[in-house]
Every structure is written in structure tokens, then in C-alpha cells.
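Asker: Coordinates only, no sequence provided:
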């Protein structure tokens, strides 16, 4: 089991995937490229013998591709391996290379989606092709899914598919997807280094909340007993200034315990200013720190139409990220902060998710990492954002994030997500392909 075929073509596959401009603007009328990319993926799978199913999820152009590889034990629950093909938009003038060039230079593959998540899409495609060519029979059925619309919450992707085509996931009991399996190098007290590979076992809830206030309109020169702009602005300011309590979920607690064990530093909940202390591990602290408490960040304000008119209506949008088990308490706090004159509604609401860090699938991940890195230690963590796992969890599927990458210690990996000059090291892709192949052989 060498993975020679997969590693021989994976870099080219990642580059070619990036060259499809699959920018998801969040508006269906301006989102493009998903169908072309999905049909190209289907062709790569069909070329080696897969039977694929192409599905447009709810509207034209939202392309998804599915292929199933039969396993040795058809009575076991199937494993879903899911990736998304859409990316966030990019402005070419801001980049060192064209964001849809898929350039391979300076030891990196460059372009929008290089880490989110055409890197994993390329690895999965390369391994799926190798397995079919070699006649590999995995331990159980594997369902490969290449999906649309993740970058806008999956409304016209995973969530539509779960609601309207649950048959595509028949027999699936576990799933692996993005934003997990990447390395964090930490220094140990004895002078050696340990690479922690962060396996995503949890995600905060993703909810976008609209605040509205209606009051009496009037002339801007009059004394106003009530003012919709003032009410909304005050509510937004209170929310923006509020700090929610520190809460230790199981995933975060286990991660901090492992981090303390490896570094000899104290990252316990009792550590004064834990968020600041986390920056001792580098820029990844921005992701980890955001999983210690709920957040509610005001992102949009709209009111008025003329300088001398007090408007009748004002509104705002708040980006809310809520820890597992905290939704009711979070909403209670928000209601106290906004007051009685401001109304709220969810314009997007995706639940938090958490599973335990144990079981045969976790063992398979850890063993795959150790097979290619004897300094590896797999640890659980929580993602502060969200993935398509939120949709699959509704089907009772146990979900993990595992897209293995061994990263250079100096690389600011967190900054590459949705960032300018997004890129992934070629060596990380080759490493990840070998690890993921080992994992699928033992899943």
C-alpha cells in the first residue's frame, strides 16, 4: 500500500480544481462554476470505472456528485467522505498570483480554495481513483460526495440534499470532512517538538440574527420621543460590548488538557486571561480562543434615507456563534441586551454539534498519522465556524473533521482560510494523501 498513483497525480488534481472559479457569493444569481467543476469531477471518477450520480440541489447549477465504493463488510455502516467544491470570492488585484490560476511555485499550490477546501477534494479524488484502478476493497462501503454551496451555509447543498435526497446517504453512520487533521507544532519541556493533529469533533452553532425596530418617523429638527436608529444602535452596542461566560465543552477541555501535557504550560480554565495565554501556541489561538465562549458580532447596519428625516425603520445583523448546549441561555442573554423595543429573528440558524473523541474511526485516524509521523498525537478540538457536518448530523451521522496536513511550524494556517494568497504546501498535500489513504484502508 504505497499510494504511488494517488501521490503522483494529487498535486495536479488540486491545481486543476482551483482553476475552476466556483465563487459562491451567497446570491444564486451570481454564484458560478459549481456545475462545471462537479461534472469534471464526475468525469474523473467515471474514467476509472465509478458509476456517479450528478444532482443539482434545488436549482440549476448547484452541482453535486456522488459515488459509492463497495466495502468488504456490506453489513457495516458506510463512511461518508464529503468535500465542497465552492469557494468564497477573491479579488485578483489583491493577490500575488491569480486566485484561480492553481499556480504551483515556491513549494506551494496557490489559489482560492487551496485550504478551503480543494486540497482535500483533490486528495479524496486521487485516492478514490487509485482505489478503483487497483481494485481496492475498503473495510466497509465508502460514499464519496463532492458538494455545492457550503460557503453560504449549505442551503442549496448539503441541507437540501439531506432534506430531499436522504437516499444518497442510505446506510451511512459516520462521516469525515474538512477543517481537521492539520498539525500544530508545539515545544515540549525536554526540548523536543510534538505535532498535535487537531481532529474536529465539534462545531459552534452558526446563526445570523436580524434585529429590527419600528418607531414613528419625523422631521430631523424635531424633538423625538423615540428613534428607531437610536434603539438599534444602542442594542447593537450592548451586544458588541458583551462578553459571554467562559464555558468548557468536552472537546475544548480535552484539547487544552493535551496542550498542557505536551507543553508543560498551564492552559486550564483557571488560567488568568486564558484567551491571551493561548497565543503562546501561535496564531491558531484565534480559532481555539473563539471556542471558549459564545460570540455575537454585529456585522451590518441599515437605516434612513435622508439626512433630515428620522426613519421609521432600522435594522442590524449579528453574526452569532453558539457553543453546544448553550442556545437557550444565549437567546435569554440576547433578549436582555436588546430590550423590549427591538425585535429579533434568525435569518440563518444551524445548530452546534459535538461528538466524543473515541471509537474505531478515531483509532484509524491516529494510526494513520503515526504511520507517517512518529511525532504525531491526535487531539480533539472544536471549530469556531461551521461545515456541512451540521446537515449530516441531522441524519444521525457521527461527524469528524479530518483532512490531514503536516504543516510548517511557521505557517499561519488560520490566516489562509478565506485570505489573500491562500496556498497549501505541496509536501503537506503529499503527506495528507498518504495518511488519508491509510485511514481509508482501515476505516
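Answerer: Nice, I can see it. On a predicted model such as this, the values are computed, not experimentally measured, just so you know. Numbering: from 1, shown residues only.
Asker: Against residue 322, how distant is residue 328?
Answerer: To residue 322, residue 328 is 10 Å away according to Cβ to Cβ, to the nearest Å. C-beta coordinates here come from the backbone N, C-alpha and C atoms, glycine included.
Asker: So for these two, which sits in the more crowded spot?
Answerer: When neighbours are counted by other Cβ atoms under 10 Å, residue 328 and residue 322 differ, and residue 322 comes out ahead with 24 against 9.
Asker: Helices of the stretch 251-400 of the chain, start to end?
Answerer: Taking DSSP state H, counting those that start in this stretch as the criterion, the stretch 251-400 of the chain carries its helices at 274-277, 285-289, 327-338, 360-372, 389-392.
Asker: of all those, which gets the most neighbours per residue?
Answerer: When you average the neighbours per residue for each of the helices of the stretch 251-400 of the chain (mean count of other Cβ atoms under 10 Å), helix 389-392 leads with a mean of 26.
Asker: Report the distance from that helix to the chain centre.
Answerer: Centroid separation for helix 389-392 versus its chain: 11 Å, with Cα atoms, centre = their mean, to the nearest Å.
Asker: buried ones in the host helix or strand of residue 42?
Answerer: In the assignment (DSSP states H and E), residue 42 maps to helix 34-47. Judged by neighbour count (16 or more other Cβ atoms under 10 Å), helix 34-47 contains these buried residues: 34-35, 37-38, 40-42, 44-45.
Asker: Any idea how far it is from the middle of the chain?
Answerer: 23 Å.
Asker: which residues are in contact with that helix?
Answerer: By Cβ atoms under 8 Å, 6 or more residues apart in numbering, the surrounding residues in contact with helix 34-47 are 13, 16-17, 20, 22, 24, 52, 54, 56, 60-65, 67, 85-86, 121, 125, 128-129, 132, 144, 146, 148-149.
Asker: Next: stretch 155-167.
Answerer: 28, 55, 57-59, 62, 64, 82, 84, 86, 147-150, 153-154, 168-169, 388, 390-392, 394-395.
Asker: Can you give me the buried ones in it?
Answerer: Those would be 155-162, for stretch 155-167 by 16+ other Cβ under 10 Å.
Asker: Go through those residues and name the one nearest residue 189.
Answerer: Ranked by distance to residue 189 (Cβ to Cβ), those are led by residue 158 at 43.2 Å.
Asker: So what are the sheet partners of the helix or strand of the chain with the lowest mean pLDDT and their directions?
Answerer: Between all helices and strands in the chain, the lowest mean by mean pLDDT, DSSP states H and E belongs to strand 218-219, at a mean of 84. With DSSP bridges as the test, strand 218-219 is paired with strand 309-310 (antiparallel).
Asker: avg pLDDT for the partner strand?
Answerer: Averaged over strand 309-310, pLDDT sits at 89.
Asker: Can you tell me which of the contacts of helix 34-47 end up in helices?
Answerer: Applying DSSP state H to those, the entries found in helices are 13, 16-17, 121, 125, 128-129, 132.
Asker: quick one, what contacts the spatially most central residue of the chain?
Answerer: Residue closest to the average C-alpha location in the chain (Cα atoms, centre = their mean): residue 387, at 4.1 Å. The neighbourhood of residue 387, defined by Cβ under 8 Å, 6+ apart, consists of 150, 177-179, 200, 203, 401.
Asker: before we move on, back to that, return the member of the buried residues of helix 34-47 nearest to residue 316.
Answerer: Distance to residue 316, by Cβ to Cβ, is smallest for residue 34 among the buried residues of helix 34-47, at 31.0 Å.
Asker: follow-up on the earlier one: how close does the residue nearest to the centre of the chain get to residue 45?
Answerer: Applying Cβ to Cβ to residue 387 and residue 45 gives a distance of 22 Å.
Asker: Please apply the same query to residue 375.
Answerer: Distance of residue 375 to residue 45, given as Cβ to Cβ: 35 Å.
Asker: who's in contact with residue 399?
Answerer: 174-177, 353, 355, 389, 392-393.
Asker: In strands only, show me these.
Answerer: Applying DSSP state E to the contacts of residue 399, the entries found in strands are 174-177, 353.
Asker: so where does residue 207 fall, helix or strand?
Answerer: Assigned by DSSP H and E, residue 207 belongs to strand 205-214.
Asker: Identify the neighbouring strands of that strand in the sheet and state each direction.
Answerer: Strand 205-214 has its sheet partners listed here by DSSP bridges as strand 313-322 (antiparallel), strand 343-350 (antiparallel).
Asker: Okay, angle between the shortest one and helix 327-338 too, please.
Answerer: Orientation of strand 343-350 against helix 327-338 (axes from the mean of the first three to the mean of the last three Cα atoms, to 10 degrees) gives an angle of 150 degrees.
Asker: what's the spacing between strand 343-350 and its chain's center?
Answerer: 20 Å.
Asker: quick check: mean pLDDT across that strand?
Answerer: Here the average pLDDT along strand 343-350 is 95.
Asker: Pull out the buried residues from that strand.
Answerer: 348, 350.
Asker: Please apply the same query to the first one.
Answerer: Judged by neighbour count (16+ other Cβ under 10 Å), strand 313-322 contains these buried residues: 313-318, 320-322.
Asker: how about the strands in the stretch 1-150 of the chain?
Answerer: Assigned strands in the stretch 1-150 of the chain, in chain order: 52-56, 63-69, 78-84, 104-105, 108-110, 142-147 (criterion: DSSP state E, counting those that start in this stretch).
Asker: Out of the ones you listed, which gets nearest to residue 300?
Answerer: strand 78-84 (24.7 Å).
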